[in-house]
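**Student:** this one's sequence-less:
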């Protein structure tokens, strides 16, 4: 049983005990209702406390039960709350640490609430594409007022209990405990003080109105629509809180349930719930047990003070970990240091960072021109030019100077981590840590596991990833790892589309309408088209039979490398990032078609999106088959956090699942018939073909 029952004199205490956050799973719900029945039947019990063991009162629904029959089995949460409201004896929620979602709804069903300071209070359901489903939209406005409650429900963000307790007229807390440590004792005293109070107060009986009514809700709806364009749930939160002000309580509860159930079936909610689970699953490596011993990372060395080295350094400084940056020349160090300083100063200017915090972070940063100064660091990260010869020199030097047990990491985006490890006498200590640019902003960290990388190294770097607030996803060794290996196929398709009749602006527009942060050509201009050019030159030697459109090379031959040169697929005005379609580029593409004897055709947005997205999906299926990624949801996390894939679609693999793998394979067979495309590439990956034939999904 995940809820314990104890009697202290005339007070019964029901303690939820379902770590880590006392999720309201089936056995916890049964434990609460059983405990309640026992307390009501015991004449010596005068009042009943509900609280949570460990680090939470309750974080709400139990995610381990998502999508299973247990999640809705009786007593469901609504039934538990009804039982609390029907209790003839006073019920007191003793809240501490975390009271979120169903946990907060449970507390609102009690007669009274006492709360420890520092408790995080939230209804975060909107982050899963839902509205609160157990009376949160009906009860929270009654205890906090309509505006505060609506802000909390629409944002899903936690608010500290002491802030809410200061609100004039609030009825969420009947009493604030003086500390978390004294909560249990104060709750017992409070329970005894209200033992004989009758009638018992019920939140459902409190009034719920807004003085501006219709005008306020219209204003709120307009605000929310502008901010939540691809997600239906935030607007539904506004609708339902309006219902709370206009409907009788039970009628409003029925409306809440109906909206909740309908949202549960939307692809957007499915995407957000998938990503919620996927993010937690990404940190688990199948053959690395959770109790694997870890190495202590107290200081970091970064080799290279360029854009990447600076961004990587900032992640560790932000987490309070000292960083020593190494460069070959003093001016390179000064330039790199200047950029870090400028980044922090602009955060201070925008009020995102306090001056003293900025000074603390800069105090953790030191620089050197000598490898010997790095010898005591626990982790060294190389962020030098993407060329094997350069990497070799760095790793031979690190191998020579670093202390035993230090982790040696490469920030390579495509190169062979096993080869890099072979430049050292300690391949078990070598790992890939592929940060994405700008490294101090982007959430994704690809952790590349070499053939000999130690399990303790893997466990350690996954923890480090969490500490520096990254979403760490494990990849095996292959050219381009997960993200860049897939994006190459996406970019190849974008090039073929130009050959066949599309313009860069049309392709970008179609993909951006689908929901990508930016299309392939704007992305190329931002990253630098010369990077892809270098990869294609390498490909020409390694895989001469791989087809590409020649348009990207022609663009680079014109020196149009993107935003940094003021011209790429688009034209750019000095100091501005707006992409202006270029007549010169359109003419270059048209001339190229004439050379090849191609008559351009009209290409639909649907075809553009399918070819680009299904190219990602097919390559990803190969990646799964080869064991480069251990699960489909890891690939979705890579694309959501590192490549601007639309969040409301849940990543390429979930999107393919939602379209139906049978339909994906049919589309690929159509693309195989196109003489201008790469028919061999569109052969469905064996895993994809198998799943489609069996009517199964990736996730």
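**Tutor:** Okay, I see it. Nothing here was measured: the structure is a model prediction, and the numbers come from that model.
**Student:** use CA for all of it now, contacts and neighbours both
**Tutor:** Fine.
**Student:** Report the buried residues of the helix or strand of the chain with the lowest mean pLDDT.
**Tutor:** Lowest mean confidence among the helices and strands of the chain (mean pLDDT, DSSP states H and E): helix 529-542, at a mean of 87. Residues of helix 529-542 classed as buried: 529, 530, 532, 533, 536 (neighbour count, 16 or more other Cα atoms under 10 Å).
**Student:** can you give me the helices in the stretch 251-400 of the chain?
**Tutor:** Along the stretch 251-400 of the chain, counting by DSSP state H, counting those that start in this stretch, helices occupy 267-282, 307-318, 330-349, 355-363, 388-401.
**Student:** same for the shortest one, what does it pack against?
**Tutor:** Spelled out, that is helix 355-363. Using 3 or more Cα pairs under 8 Å, 6 or more residues apart in numbering; DSSP states H and E, the elements in contact with helix 355-363 are helix 307-318, helix 330-349.
**Student:** One more: the third one?
**Tutor:** Using 3+ Cα pairs under 8 Å, 6+ apart as the contact test, the elements touching helix 330-349 are helix 307-318, helix 355-363.
**Student:** average pLDDT for the longest one?
**Tutor:** I take that to be helix 307-318. For helix 307-318, mean pLDDT rounds to 96.
**Student:** what's the angle between it and helix 355-363?
**Tutor:** Helix 307-318 and helix 355-363 meet at an angle of 120 degrees, taking axes from the mean of the first three to the mean of the last three Cα atoms, to 10 degrees as the criterion.
**Student:** So which residues make contact with helix 307-318?
**Tutor:** For helix 307-318, the external contacting residues (Cα atoms under 8 Å, 6 or more residues apart in numbering) are 300, 302-304, 322-323, 325, 336-337, 339-340, 361-362, 364-365, 382-384, 435, 437-440, 468.
**Student:** if you look at those, which of them are in strands?
**Tutor:** Mapping the contacts of helix 307-318 onto strands (DSSP state E) picks out 300, 302, 303, 323, 325, 365, 382, 435.
**Student:** Bridged to the second one, which residues?
**Tutor:** Per DSSP bridges, residues listed as beta-bridge partners of residue 302: residue 325, residue 381.
**Student:** Let me see the contact set for it.
**Tutor:** 309, 312, 313, 323, 324, 325, 326, 380, 381, 382, 383.
**Student:** Find the nearest non-adjacent residue to residue 504, please.
**Tutor:** Spatial nearest neighbour of residue 504, excluding adjacent residues (Cα to Cα, 6 or more residues apart in numbering): residue 521 at 6.1 Å.
**Student:** can you check residue 655 too?
**Tutor:** Once flanking residues are discounted, residue 655 sits nearest to residue 649: 5.7 Å by Cα to Cα, 6+ apart.
**Student:** Kindly report the same for residue 173.
**Tutor:** Closest to residue 173 by Cα to Cα, 6+ apart is residue 113, at 5.1 Å.
**Student:** how far away is residue 234 from residue 182?
**Tutor:** Remark: distance between residue 234 and residue 182 (Cα to Cα, to the nearest Å) = 38 Å.
**Student:** now residue 599
**Tutor:** From residue 599 over to residue 182 (counting by Cα to Cα), the distance is 80 Å.
**Student:** Please, where are all the helices along the stretch 501-650 of the chain?
**Tutor:** 504-514, 520-527, 529-542, 551-557, 583-596, 605-625, 632-642.
**Student:** try the stretch 101-250 of the chain
**Tutor:** 102-108, 136-144, 146-155, 161-165, 183-193, 213-227, 233-246, 249-264.
**Student:** So which of those is nearest residue 575?
**Tutor:** Ranking those by proximity to residue 575 (Cα to Cα) places helix 213-227 first, at 27.3 Å.
**Student:** what sits against residue 191?
**Tutor:** 11, 47, 48, 49, 90, 92.
**Student:** wait, residue 691
**Tutor:** Counting by Cα under 8 Å, 6+ apart, residue 691 makes contact with 661, 697, 698.
**Student:** Turn those residues into CSV, columns for pLDDT.
**Tutor:** Output for the contacts of residue 691, formatted as CSV (pLDDT from 0 to 100):
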residue, pLDDT
661, 98
697, 97
698, 97
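**Student:** mind listing which of those residues are in helices?
**Tutor:** Among the contacts of residue 691, DSSP state H puts residue 661 in helices.
**Student:** quick check, nearest of the contacts of residue 691 to residue 118?
**Tutor:** Taking Cα to Cα as the measure, residue 118 sits nearest to residue 698 out of these, at 41.2 Å.
**Student:** Quick check: that closest one touching residue 653?
**Tutor:** Yes - in terms of Cα atoms under 8 Å, residue 698 counts as a neighbour of residue 653; the distance is 6.4 Å.
**Student:** shared neighbours, those two?
**Tutor:** Both residue 698 and residue 653 are contacted by residue 632, under the criterion Cα under 8 Å, 6+ apart.
**Student:** more crowded one of the two?
**Tutor:** residue 653 (28 against 18; other Cα atoms under 10 Å).
**Student:** Spit out the contact partners of that one.
**Tutor:** By Cα under 8 Å, 6+ apart, residue 653 lies in contact with 617, 632, 633, 635, 636, 698, 699.
**Student:** TSV for those, including distance to residue 26?
**Tutor:** Below are the contacts of residue 653 laid out as TSV (distance: Cα to Cα, whole Å):
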residue	distance to residue 26
617	37
632	29
633	26
635	31
636	30
698	28
699	25
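**Student:** Buried subset of the residues you listed as a PyMOL selection?
**Tutor:** Selection of buried members from those for PyMOL, criterion 16+ other Cα under 10 Å:
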select buried, resi 617+632+633+635+636+698
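**Student:** for the helices of the stretch 101-250 of the chain, which one sits closest to residue 5?
**Tutor:** Closest to residue 5 of the helices of the stretch 101-250 of the chain, according to Cα to Cα: helix 183-193, at 14.3 Å.
**Student:** that older thread, what number of residues lie near the residue nearest to residue 173?
**Tutor:** That count, for residue 113 with other Cα under 10 Å as the rule, works out to 24.
**Student:** can you pull up the bridge partners for it?
**Tutor:** Counting by DSSP bridges, residue 113 forms beta bridges with residue 93.
**Student:** Isn't it up against residue 92?
**Tutor:** Yes - counting by Cα under 8 Å, residue 92 is a contact partner of residue 113 at 5.5 Å.
**Student:** can you list residues touching both of those two?
**Tutor:** residue 107.
**Student:** hmm, back to that, relative to residue 544, which of the helices and strands packed on helix 330-349 is closest?
**Tutor:** helix 307-318 (30.9 Å).
**Student:** Over to residue 697: give its phi and psi.
**Tutor:** Main-chain torsions, residue 697, degrees, to the nearest 10: phi -130, psi 170.
**Student:** and the nearest residue to residue 179 once chain neighbours are set aside, how many neighbours does it have?
**Tutor:** Closest residue to residue 179 apart from its sequence neighbours, by Cα to Cα, 6+ apart: residue 116 at 5.6 Å. Residues near residue 116, counting by other Cα under 10 Å, number 26.
**Student:** if we can go back for a sec, between residue 234 and residue 182, tell me which one has more neighbours.
**Tutor:** Counted by other Cα under 10 Å, residue 234 and residue 182 do not tie: residue 234 has more neighbours, with 25 against 11.
**Student:** separation between residue 558 and residue 82?
**Tutor:** Look at residue 558 and residue 82: by Cα to Cα, they are 72 Å apart.
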